[in-house]
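**Student:** Just a sequence and a predicted model for now, questions to come.
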Amino acid sequence: QGHAAMGFSVAGANEHINAGTAWRLAGDPPGTLQTPVLYTSSTAAYNPPGDPGGAGGRRWGDFSYTSLDPNDDMTLWTIQEFCDSLNSYGVRVARLLAPPPAIPFGCDPSSVPAGSSNVDLVVSGLSVGGAGFFDPGPGFPDRIAALVNGGGVTVNHVTYNDPVHLTLNVTVIPGATNGSRTITVTNPDGQSATSSSGLLGIVGGGTTNTPPTIAITSPTNNTAFTAPANISVTANASDNDGIVNKVEFFGGAISLGESTNAPYSLVWSNVAAGSYTLTATATDNIGAVTISDPVTISVVQTVPGAVSLVNVTADVSQAHFSFQTQSGVGYTVQFTDSLDPVAWQTLSVLNGNGSITNITDTSLAGAERFYRVIAK
């Protein structure tokens, strides 16, 4: 593939000895490495009395090795030393995976009649962040593989063309279900990528696939929430002639996550103020995708109300008072012993939850003290 990696140990006057790695992808600029990563987290020093060291330092690094995996010719392994306990060294092995396969997004031809044998399909992939198809060639036990989802289609063999193109030779049984199928490609290292929608249509088969149905049931249209909001999103999905493989939720064009089991739901956390459009997609076992009707919601910023201090009492050493809080509002309680000049100091910081908060100041030192509460 052209990717490269190195393994090493790091140490310093203020740094425990750790094992690390740095790599570069085939498409990175020449002469550069990506940001190094430490894959151990030592908490002990290495100063063994039996090895005081000399001008060249202490003995270290007898066990340092980086190798390409002989099974798939793409995975890298690095073995490096680190300080595993006081004045002791250990060896840690790290598996360095290449980027995943390119995401399948095109198929030529885009449809195949049921009952066809030995049809060649050219699958195109989308490469992001170094992703790409890879096959080490004959002689390696782990090779590239592909699957046309939904049943009734056999992939006879896969031919690697380049990092974004494969040729699949397929056979379709006569009774295969009509409809659009997704395609999954698995690189020799076991990482997979599946097309986001159906790429290959099966036509002329014995049955026709009915797409799934889906509707967002909660929240309902025009519901308002208070920022920062934790919003539970729930959808009903079903498939009359198969099963729902997954439901994916979206806020605008951003995926919020997936649910693979009914009831299909998730919690969208810490949502900032704004207006949002929620949708959900249901994908069935054949790869057919249905998009729900949109639901519009709003998240509004809480406007703090006036704060009144009540139940105020004091003696020579401490003062007490209370105030009502609002959910979603932050409060800072401050005091000053003089109004001329004013020197406000923070006594307490808290988040409101709708209850009454009791404040006690045990640091009274003078004849008078002034308090204020800032809500925001």
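**Tutor:** Sure thing, it's come through.

**Student:** Quick check: the gap between G352 and T234.
**Tutor:** Look at G352 and T234: by C-beta to C-beta, to the nearest Å, they are 28 Å apart. Heads up, the C-betas are built off the backbone N, CA and C, glycines and all.

**Student:** Neighbour count: the two, which is higher?
**Tutor:** Between G352 and T234, G352 has the larger neighbour count (other C-beta atoms under 10 Å), namely 19 against 16.

**Student:** Assess the claim that the more buried one and V307 are in contact.
**Tutor:** No. Counting by C-beta atoms under 8 Å, G352 sits too far from V307 to count as a contact (9.9 Å).

**Student:** and the residue lying closest to N358 once chain neighbours are set aside, what element?
**Tutor:** In space, and not counting its chain neighbours, N358 is closest to S322: 5.0 Å by C-beta to C-beta, 6 or more residues apart in numbering. Assigned by DSSP states H and E, S322 belongs to strand 319-324.

**Student:** List the buried residues in that strand.
**Tutor:** Across strand 319-324, burial judged by 16 or more other C-beta atoms under 10 Å covers A319, F321, F323.

**Student:** Who is the first one paired with across the strands?
**Tutor:** So that's A319. A314, D361 (DSSP bridges).

**Student:** before we move on, what about the last one?
**Tutor:** F323 has the following beta-bridge partners by DSSP bridges: T357.

**Student:** which residues does R372 contact?
**Tutor:** V333, Q334, F335, W344 (C-beta atoms under 8 Å, 6 or more residues apart in numbering).

**Student:** Mind doing that once more with 10 Å?
**Tutor:** Going by C-beta atoms under 10 Å, 6 or more residues apart in numbering, R372 touches V307, L309, T332, V333, Q334, F335, T336, V342, W344, L347.

**Student:** can you tell me which of the residues you listed lies nearest to V93?
**Tutor:** The nearest member of the contacts of R372 to V93, counting by C-beta to C-beta, is T332 at 50.5 Å.

**Student:** SS state for that closest one?
**Tutor:** Here T332 is strand, with the state taken from DSSP: H, G, I helix; E, B strand; the rest coil.

**Student:** any idea which element the closest residue to it other than its chain neighbours lies in?
**Tutor:** Leaving aside its chain neighbours, T332 sits nearest to I374 (4.5 Å; criterion: C-beta to C-beta, 6+ apart). Taking DSSP H and E as the criterion, I374 maps to strand 370-375.

**Student:** Need the nearest residue in space to H16, chain neighbours excluded.
**Tutor:** Take H16 and drop its neighbours on the chain: the residue closest to it by C-beta to C-beta, 6+ apart is S42, 3.9 Å away.
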